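In: return atomic coordinates for the entry below.
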Amino acid sequence: MSVVAAFLLGAATVFGFAPFEFSGVPLLALALALLLLWQDARPRRAAQLGFAFGLGLFGAGVSWVYVALNTFGGMPLPLAAVATAGFCAYLALFPALAGWLATRWTPAHSWSRALAGAAAWTLAEWARSVVFTGFPWLSLGYAQIVRDGATPLAGIAPVGGVFAVTLAGALVSAALALAIPAVAGGAWRRAGLCVASALAIPLTGALIDRAEWTRPLQSVSVSLLQGNVTQDRKFDPQFRQNTFDLYSELVTVSRGRLIVLPESAFPVFADEVPDAVLLHLLRTAAARDGDVLLGLFTVEPPLPGGGLRYYNSVLSLGASELQLYRKRHLVPFGETIPADAVLGWFIRNVLSIPLANQSAGAPDQPPLKVAGQAVAVNICYEDAFGADIRTQAGAATLLVNVTNDAWYGRSLAALQHNQIAAMRAKETGRTLLRATNTGITSAIGHDGRELARLPWFTGGILEIDVVGREGLTPYVRAGDVPAAALAALLLIVAAFAARPPDRGARGRMR
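Out: Numbering: from 1, shown residues only. Coordinates of the predicted model:
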């Protein structure tokens with residue numbers, strides 16, 4: 001029954017994330033999961049419980065990958081179902097690792113096991129963000145940033161990033177896990193101490209959140225375009241001219257000095273866009289002393305022994321000089337094929353995803369100097385990786401994400417993605433602008449609060465004035481390492497605290 005309970009707790013955790021945003025649910029679910037480990041779970045059993053929790057979490061929370069594989073990727077239904085289940089099972093290995101680490105060196109019914117559980121959970125989430133290029137979706141910390149602002153725990157984000165928020169939340173869960181048996185056993189003093197500890201952590205976050213890490217600069221008017229081109233027509237050559245006409249018209253009627261089009265708004269290579277279209281975009285933006293950011297693909301000649309190099313790109317056109325950003329962090333199996341020599345033939349024959357073997361852009365691309373701002377551009381799920389965003393944010397005044405979540409239909413993916421983007425704004429102290437094909441197109445303030453959004457699956461323009469900012473948050477300076485190191489230190493402390501005293505040594509001292 002405990003395995004079933006762990007699975008259900010994992011599934012319930014999804015209600016902490018967008019669009020539900022019951023931010024306390026993940027903390028309570030993790031507290032109850034830690035309580036299962038706290039009781040009498042040996043490492044192997046704890047790993048099983050962690051795996052069950054992960055299956056519930058990712059099965060309920062990210063099974064939308066099936067839509068991309070089957071509906072738009074053309075993968076046969078049985079194979080897509082197996083691939084989705086396999087993906088969720090892979091992700092569940094990280095909570096399994098957390099369960100094993102939490103119980104490997106700590107005894108049952110001890111405070112050290114609860115502490116180890118919080119630390120191990122954080123380390124496992126951090127590992128999930130880096131192993132095999134990483135997939136940090138549904139990290140606990142994201143639940144602490146909500147559409148109309150942020151919980152007190154999210155105040156820690158500018159200092160240590162999402163994993164510091166995860167660690168803080170996990171410590172709250174650990175304190176609650178210890179409070180439950182204390183209350184049940186009538187140990188009111190111990191229960192009070194646990195509850196006080198659980199309250200002290202968000203209070204600390206609220207105090208930290210009062211600090212202003214960045215300073216306002218000049219404002220700029222922005223137009224975020226949402227074309228609402230359905231995924232089944234997006235790459236259809238018969239619909240290409242319609243797409244050019246659609247976005248040309250939206251640019252014409254927009255009012256912003258900075259005009260942002262979605263990822264691959266023009267789903268062709270740059271040299272395939274009619275000159276008249278590019279000239280129209282350039283002249284329209286230049287007349288406002290502004291710039292257009294245009295999503296398309298670019299190509300470079302092959303390196304020795306290789307083929308042509310394709311890039312998912314954003315091109316600037318307007319009053320500023322022509323500039324280019326190329327996507328750095330590619331989606332495995334969607335934009336790049338791992339172990340191409342082994343898996344390439346299979347992937348190309350079961351998935352019909354255009355340009356599925358792209359090249360990654362240079363890791364050190366500077367912000368684009370457009371419309372009087374320094375704009376750090378990122379494409380698609382690049383904004384899920386705070387470690388990548390921070391490398392550009394320090395020199396930037398604004399963050400811009402262009403994406404196309406139409407691949408996942410009306411699932412939770414786009415809503416979760418927008419919440420993740422809000423964490424990037426909070427971590428860096430920068431306004432983040434999102435232009436998407438079908439939604440969620442939004443503007444998010446430097447404090448993580450959503451300023452405005454367009455309705456989902458409708459065409460339109462989000463017109464808004466935003467303020468650029470300068471200054472470095474501690475997170476931009478140091479990244480994820482301090483949070484991961486602190487979690488590792490707490491795990492070591494828990495392990496050493498759980499060691500029985502050396503009676504022989506004590507006897508020798510006598």
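In: and the closest residue to residue 49 other than its chain neighbours, how far is that from residue 57?
Out: Nearest in space to residue 49, with sequence neighbours left out and distances taken as CB to CB, 6 or more residues apart in numbering, is residue 6 at 4.5 Å. All C-beta atoms are positioned from the backbone trio N, CA, C, and that covers glycine. To residue 57, residue 6 is 10 Å away according to CB to CB, to the nearest Å.
In: just to revisit the earlier point, what about the residue nearest to residue 49, which helix or strand?
Out: Using DSSP states H and E, residue 6 falls within helix 2-13.
In: show me what that helix is packed against.
Out: Helix 2-13 sits against helix 24-40, helix 43-61, with contacts defined as 3 or more CB pairs under 8 Å, 6 or more residues apart in numbering; DSSP states H and E.
In: now that helix, how far from the chain's geometric center?
Out: In terms of CA atoms, centre = their mean, to the nearest Å, the centre of helix 2-13 is found 23 Å from the chain centre.
In: quick one: contacts of that helix?
Out: Helix 2-13 is contacted by residues 25-26, 29-30, 32-33, 36, 41, 48-50, 52-61, 95, 138, 143 when judged by CB atoms under 8 Å, 6 or more residues apart in numbering.
In: show me what counts as buried in it.
Out: For helix 2-13, burial by neighbour count (16 or more other CB atoms under 10 Å) applies to 5-13.
In: also stretch 38-46?
Out: The neighbour-count check on stretch 38-46 (16+ other CB under 10 Å) flags 38, 41, 43, 45-46 as buried.
In: tell me the least confident of those residues?
Out: Minimum pLDDT for the buried residues of stretch 38-46 is recorded at residue 41 (77).
In: hmm, back to that, residue 219: which of the helices and strands packed on helix 2-13 is closest?
Out: Of all the helices and strands packed on helix 2-13, helix 24-40 sits nearest to residue 219, with 35.8 Å by CB to CB.
In: which helices and strands does the closest one pack with?
Out: Partner elements for helix 24-40 (3+ CB pairs under 8 Å, 6+ apart): helix 2-13, helix 43-61, helix 77-104, helix 111-128, helix 157-184.
In: tabulate the CA atom coordinates of the helix holding residue 6 in CSV.
Out: Taking C-alpha atoms only, helix 2-13 is exported to CSV below (Å, rounded to 0.1, in the frame of the first residue of the first chain):
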residue,chain,number,x,y,z
SER,A,2,2.9,2.4,0.7
VAL,A,3,3.9,2.2,-3.0
VAL,A,4,0.4,3.1,-4.1
ALA,A,5,0.4,5.9,-1.6
ALA,A,6,3.7,7.2,-2.9
PHE,A,7,2.4,7.1,-6.5
LEU,A,8,-0.7,9.0,-5.6
LEU,A,9,1.3,11.6,-3.7
GLY,A,10,3.4,12.1,-6.8
ALA,A,11,0.4,12.5,-9.0
ALA,A,12,-1.1,15.0,-6.5
THR,A,13,2.0,17.1,-6.6
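In: angle of it against helix 77-104?
Out: Helix 2-13 runs at 110 degrees relative to helix 77-104, counting by axes from the mean of the first three to the mean of the last three CA atoms, to 10 degrees.
In: for helix 2-13, what is the average pLDDT?
Out: Here the average pLDDT along helix 2-13 is 97.
In: again with stretch 235-250
Out: Here stretch 235-250 scores 95 as its mean pLDDT.
In: okay, the spatially most central residue of the chain and residue 416: tell me how far apart.
Out: For the chain, the residue nearest the mean C-alpha position is residue 384 (2.6 Å; CA atoms, centre = their mean). Separation of residue 384 from residue 416 (CB to CB): 9 Å.
In: do the same with residue 452
Out: 19 Å.
In: same check on residue 246?
Out: From residue 246 across to residue 416, the span is 27 Å (CB to CB).
In: same deal with residue 103?
Out: Going from residue 103 to residue 416 by CB to CB gives 30 Å.
In: how long is stretch 295-304 end to end?
Out: Taking CA to CA, to the nearest Å, the first and last residues of stretch 295-304 lie 28 Å apart.
In: done for today, thanks.
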